[in-house]
Every structure is written in structure tokens, then in C-alpha cells.
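Undergrad: what follows is a predicted protein model with its sequence.
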Amino acid sequence: MSEVAVIGFASSDRSVTTSGVETLVPVFEEALEQAGLARREIGFWCSGSSDYLAGRAFSFVNAVDAIGAVPPIAESHVEMDAAWALYEAYLKILSGEVETALVYGFGKSTAGELHRVLALQLDPYTVAPLWPDAISVAALQARLALESGMFSERDMASVAARESGADVDELLGHPYIADPLRAHDVARVRDGAAAVVLAAGDRAHRSRSRPAWITGIAHRVDPQGLGDRDLTTVPSASAAAKDAGLDREVDVVALHAPFTHQELLLRAALDLPPDIRMSPVSGDAMFSAGLSRIGAAAEEIMSGRANRAAAHATSGPALQQNLVCTLRGDAS
Amino acid sequence: MRRAAVLGTGQTHHRTRRTDVSMAGLCREAIDRALTDSGTTWDQIDAVVLGKAPDLFEGVMMPELFLADAIGAAGKPLLRVHTAGSVGGATAIVATSLIRAGVHGRVLAVAFEKQSESNAMWALSIQPPFTAPIGAGAGGYFAPHIRSYIRRFDAPDHVGAIVAVKDRRNGALNPYAHLRQPEISLESVRKSPMLWDPIRYDETCPSSDGACAIIIGDQEAAEESPRQVAWIKATAMRTEPTFYSGKDHVNPRAGAEAATALWAAAGITDPLDEIDVAEIYVPFSWFEPMWLENLGFVGPGQGWKLTESGETRIGGRLPVNPSGGVLCSNPIGASGLLRFAESAMQVMGRAGDHQVHDASTALGHAYGGGSQFFSMWVVGRQP
């Protein structure tokens, strides 16, 4: 089985057009430059995005223009966060079909009312017609966790304060936007695009002195029904972490948690040490955020700041679907 | 490379409106048949890949999330593929990669479209900013390419009708087909209304509700199977932009390069000789001769001659779309997977009344977007 490594990562949080073309071109350039590869050396391209975010059908089609796909390329697309496109590309390399891949994700979350748009992910026959928006669904989950005594509103505010440097007591004085969530409990909605370059074994070594080797990657989905599972646990994240070989020896973790309480739930589900270093995040750029977490974890290794890192991506309401990727500096 | 094989297939009865089932019920109908056909139980499935065309067709954002339970994915890995009209083929190919990577042993690939849940025309009519509206529907987009083919190769204008008659009569042999028209004739096709010159009503695919599922297994699973499996000999996907200087809509470079890569990987030097049956994505009748050339079965300008000679009928040199194809059933997201599944059914000897005698090597093909996304595979009775 060939080893696979991340050898390049770039992201952008500038305004994204609905086709993503203008945003993606410089992101591709930067990621490829880091990887020391030319566009034509990429064996497989795979992307993640969402038509509903763009408000139009086939929104990923024009993004192909950003690649310059003449002559034609081997390419695929998941209607998911691009972290799952990375999974597809990773397996394509493992199977021996290709040596290199560029994975990208993009989304213009600010084009509509994101939290209302996300209500359309719910069961269209029984739940979506009630229009519970994404913040209300997350609030339901936070309320259950608070009432079970897993953590407090102060713990949630502390997660927000770590990123913003704000005073926890001051944050707790702010009004609820959906009880028990306050504004600081909800990640800032932003546009984004990201690209990660993958390469197999020797190819990775030739391009980069210190590639970030993927030691494990796995994902799972839980049933969606909000009453079907205990919303204070994240079985899909726990199972993915187990399969990806995540343990407490990791130096840094990049979590994709759109709500403060979800970081706390994930810390428990992934059994992370309390003093683990967390990779900072500046918002929730839908459909590239999860891929960016893998890129950020890889960057920790490529830069030499860490030798073992882990990344996580989530999708769907109330942490329904989760992916965990573990990386390390020296080939194992 | 590790081997992978189709262990079994399943599909729904396709109709304009399947009001008797929800989306979950529709998928489940196809999945249950595929599990039975392959002799596989739910707990043997390691991962699920779900494909469908735009979410706006049903009005649900990422429907695989609410469907997770119904499609047996809860607690398992679930991938959602969307590559426009080629998505059904891409779904099968992604599932094949999961096996070939050595990570999963048995994968369920399922694709569906339930267009009656929403309004597909409205879903395709949204005008994004900075994009010139076409507003002519899919037929209006493709008709100029067909006219260009006819002029380039001086093709007689009845060739499209020949394909329509063949495919609709084939569809009458397929109990799952949406349109089953044993009485259709060249005269009746040529009397049907002209929609987008030269495409007539009877040369156009229907709009269907439907789903298709296949179970793909690794070598061990295939060898354990008590029934004949369809060994996946090669897969290929290629993409090019919708428009670029030099784009040839009659013979797209992405399709031709995918085919070249496919034949090479499958060890096929003369596809017309070595392929026994082909399920080709033909949503408008004239795409049969066009794709026969694009796929390299025959040279430029020879496709219409092969069709006109009757060699693409069941019993001919290269039977094309014995199931009736997209012209008989078009649940868009599932249409590509149906082509791949039908090719597998042929080599497994389980195609019923539309079985091609002694089929041992078959092609499954799909395309999407503005003739820019191509996915295809070759399956065989032998590994």
C-alpha cells in the first residue's frame, strides 16, 4: 500500500463568486507552488461544494474553468465538504490509479441566509416544512448537553474567548440568540475556498522535504432523526477517530466545530487530552472549512511545529457526519 | 491493482411520478433488489456511495443526510457524488475505488432521481449572475450539436428515428423501463412533433422517478459469490470545460480520451470486435451514432452507418442499449448507474428478455454537463 502525504495547502477567505472561478485560480496557484508541482502533473482533481449554497443547479461545473481543463483531466466532485473529496482522492492514490491529486472546496455562504438554507438538509416530509434553522437545531443539542451536566455556559464562552481574547464574564452578559446559544457560540459565516495537494510515497518526498503523511483517515454518518440518537454523543466522530488511529499522543488538533458546544462535545467524543493545543479557526466557510482543517493540521507538520497532528471535519445538522484524519511528520 | 466486481444489481420500476414511495422508499426498492441479487446482507456492507444530479431537482439540500438510515449508511462511511448527468457512472467508479484501495470489502452504490418531488425545469431555470441565459432546455442545448454532426458527415435524417424505434422496442423487453412501446415504428416517430430541430418528441428521453443500486465487492467477496459476478476490468473518468476555443461538441475530447484510457486499461485493442454489448448514455436518439464514434467503436462519420445497418440491434454486431437505455427511462441521477448496472447484468447473464446471447464483455457509459463530464467502465464474465 502506497503512503500518501499532504504536500501543499492554500486557502482564501475573500469573497467567493457563485462559480468560484476567480477565487480558486490563485488558491490553486499557491497550493501547487507549495507542492512544487505543475498543473499538468496532477493525476486527479476532486472538489466539494453545494448547489444550495450557490442557489443554482450544477454550481460546480464552472469551477472546472479555474483548472484550465484542456487537455481534459481526471476529475470528480462530492456534494459535501471537500474533506470528503480528500477521502476520495486519498483512496484513488492508495488504489495505485494515480500518484498525485489536488482537492479543493469552495462556497459562498454569505449569498443567502445560511442558517435558513441549512434547514433544507432536514427530512423534507416531516421536519423541513417546520423550518427549524441550523442555529435552533444546534441550540437543541447544546441544551441537552447542558442539562446532562457535561459542561456549562461558561465552558462554552471559554471556547469563544480562546479565539477572540474576549472576557468570559463579559461574553456571558450578552443576550441569547437561541437559548442557550449567544452570538459568540456561533461561528462567523464566511465565504471561503481551499486546496490541498496530495502525493504518493516517493513523489511526495521529491516535492517536499517534510511532507505531512496521512496515517489514518476515516468517516462515518449517524442517523439524522434528531430524536433517533443521543445528541450529546457523537458516535460517528468516535468511530472515525478509532479507525483513523487517533490517540492522546497527538501534538495539535484542528477541529471543525461551527458552535462552541460542538467543540466540547467533540473533545469528549474524540477523547482529547484537556491541555491539547488547538489549531485556531476564524469562522465556518461552508464546504471548504473541513478541508481547511486538514490543511491547517498538515501545515503544522510541514512547518515542523508539530510531528503528530489530527484534523476533523463535520457535515449535516448537529454533528451528523464526521471525518477524522491523522497525520505525522516522518514516514511510518 | 486489486480486483473488484459487481456482485449484484437492483433497480426500481421507473415512472413519471412514483407517488407510492418517498425518496427513501424509492432508494430502498432498488437497494433491496440489489442485496437480494447479490446475496448480500446489510451487515456485510462496509460503505455507501450515493449519487444524484442537482439537489434542486427534489428541493432537498444533500438528501443523503436525511436518507442515511434508509440507505443503510447509519454508522458507516457515506459519500455523496454529484458530477451532473455522468453522476450515476461516477458513483459506480467511486465505489470501485473504495474497493481497489483495499479499504472496504463490500460497497453499496445507489443513485436516484425523484423529479416529481420538485420542478426540474424550474430548478434548471435559475439565472445566476453574469451567465448568459440559454432558456431552451437540454434539447435546445444539444440540438445544434446534432445538426452539426448531420452536416459534417452528410448523415441521412432517418438515423435518429432508427435509434428511437430500436431503443423503445428494446425497452418493451425490460420490465423496469418507464416507456415500453413495442408498436413504435419509423413512421410514427417521424410523425411525432418536432421539439428542437432535428429532435422529435419520440427521439427524446422521458423525465422519470427512479433509482438503481449495485453491490461491488473485492476479490474475496467475488470468489465467495455463488452466482456469476461482473468483473470490473477498467474504469475511466474525464472532464473538460463547457466551452473553450476549439471545443468540439460533436466529438468531445474528454469523451474520446476517456475511451482511449478505458480500452488501454481493459487491454482492448478493437472495441467493436471485443465488446459484446454496450449501454451508452443516449438521451436524444442521435447521440448513439455520435458516441459510437467518440468511443472509438468506429471512425468519424461511420457511426450513423453502423446504426443504419441494424448492427446495433440485439443480435447485431454491437447491440447498443438492449435495456432501452435513457430513451426509455431517465431518472437523471440514476441514469448513468443504470447503464453501468445493465452492462453488469448482461455479463452476469441476468438481463432477462433483453439478454444479449453469450455476452462476456460489456461497456457502461455516462456523460453529463455540456458534454463535458464522462464516466465509463468495462465489465467482463472473467477477471
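TA: Cool, got the structure. Residues are numbered from 1 along each chain as shown, chains lettered A, B, ... in the order given.
Undergrad: low-confidence bits of chain B, can you list those?
TA: Chain B contains residues with pLDDT under 70 at B:128-136.
Undergrad: report the central residue of it.
TA: For chain B, the residue nearest the mean C-alpha position is B:G336 (2.6 Å; CA atoms, centre = their mean).
Undergrad: and it, that one's in a strand?
TA: No: assignment of B:G336 by DSSP: H, G, I helix; E, B strand; the rest coil gives helix, placing it outside any strand.
Undergrad: ok, for it, nearest residue in space, not its chain neighbours?
TA: Counting by CB to CB, 6 or more residues apart in numbering or on different chains, B:G88 is the residue found nearest to B:G336 once chain neighbours are left out, at 2.6 Å. To be clear about C-beta, it is placed using only N, CA and C from the backbone, and glycine gets the same treatment.
Undergrad: can you name the residues bridging to B:A236?
TA: Note on B:A236: beta-bridge partners B:M376, judged by DSSP bridges.
Undergrad: what are the boundaries of the helices in the chain?
TA: Assuming you mean chain A. For chain A, applying DSSP state H gives helices covering A:21-35, A:51-54, A:82-94, A:114-117, A:134-147, A:153-164, A:168-172, A:201-207, A:235-244, A:260-269, A:289-302.
Undergrad: the chain in question should be chain B.
TA: With DSSP H applied, chain B shows helices at B:23-38, B:64-67, B:87-100, B:120-123, B:137-153, B:159-171, B:186-191, B:219-224, B:253-266, B:271-274, B:287-294, B:303-308, B:332-348, listed in chain order.
Undergrad: relative to helix B:332-348, how tilted is the third one?
TA: Using axes from the mean of the first three to the mean of the last three CA atoms, to 10 degrees, the interaxial angle of helix B:87-100 with respect to helix B:332-348 works out to 60 degrees.
Undergrad: got the angle for helix B:87-100 vs helix A:82-94?
TA: Helix B:87-100 and helix A:82-94 are oriented at 60 degrees to each other (the same axes, to 10 degrees).
Undergrad: now find how far off-centre helix B:87-100 is within its chain.
TA: Averaging C-alpha positions (CA atoms, centre = their mean, to the nearest Å) puts helix B:87-100 13 Å from its chain's average.
Undergrad: could you find the closest non-adjacent residue to the residue nearest in space to the middle of chain A?
TA: Nearest to the mean C-alpha position of chain A, by CA atoms, centre = their mean, lies A:G290 at 0.7 Å. Of all residues not flanking A:G290 in the chain, A:A313 sits nearest, at 2.5 Å (CB to CB, 6+ apart).
Undergrad: number of residues surrounding that neighbour?
TA: 30 (other CB atoms under 10 Å in any protein chain shown).
Undergrad: same check, this time on the one 4 residues further on
TA: Summarising burial for A:P317: neighbours were counted as other CB under 10 Å, giving 23.
Undergrad: okay, the nearest residue to it once chain neighbours are set aside and A:E113: tell me how far apart.
TA: Nearest non-adjacent residue to A:P317, counting by CB to CB, 6+ apart: A:V137, 4.8 Å away. According to CB to CB, to the nearest Å, A:V137 stands 15 Å off from A:E113.
Undergrad: look at the two and report which has more neighbours.
TA: More neighbours surround A:V137 than the other of A:V137 and A:E113, with 23 against 13 (other CB under 10 Å).
Undergrad: show the contacting residues for that one.
TA: By CB atoms under 8 Å, 6 or more residues apart in numbering or on different chains, the residues touching A:V137 are A:L122, A:L226, A:P317, A:A318.
Undergrad: just give me the least confident of those residues.
TA: Lowest pLDDT within these is found at A:L226 (91).
Undergrad: rewinding a little: what's the spacing between the residue nearest to the centre of chain A and A:M80?
TA: Distance, A:G290 to A:M80, using CB to CB: 9 Å.
Undergrad: likewise B:S192?
TA: When distance is defined by CB to CB, B:S192 is 41 Å away from A:M80.
Undergrad: which of those two has more neighbours?
TA: The residue with more neighbours, out of B:S192 and A:M80, is A:M80; 30 against 15, by other CB under 10 Å.
Undergrad: could you check how far the more buried one is from chain B?
TA: 5 Å (CB to the nearest CB, to the nearest Å).
Undergrad: same deal with A:D247?
TA: 20 Å.
Undergrad: what about that residue, neighbour count?
TA: Using other CB under 10 Å, A:D247 has 13 neighbouring residues.
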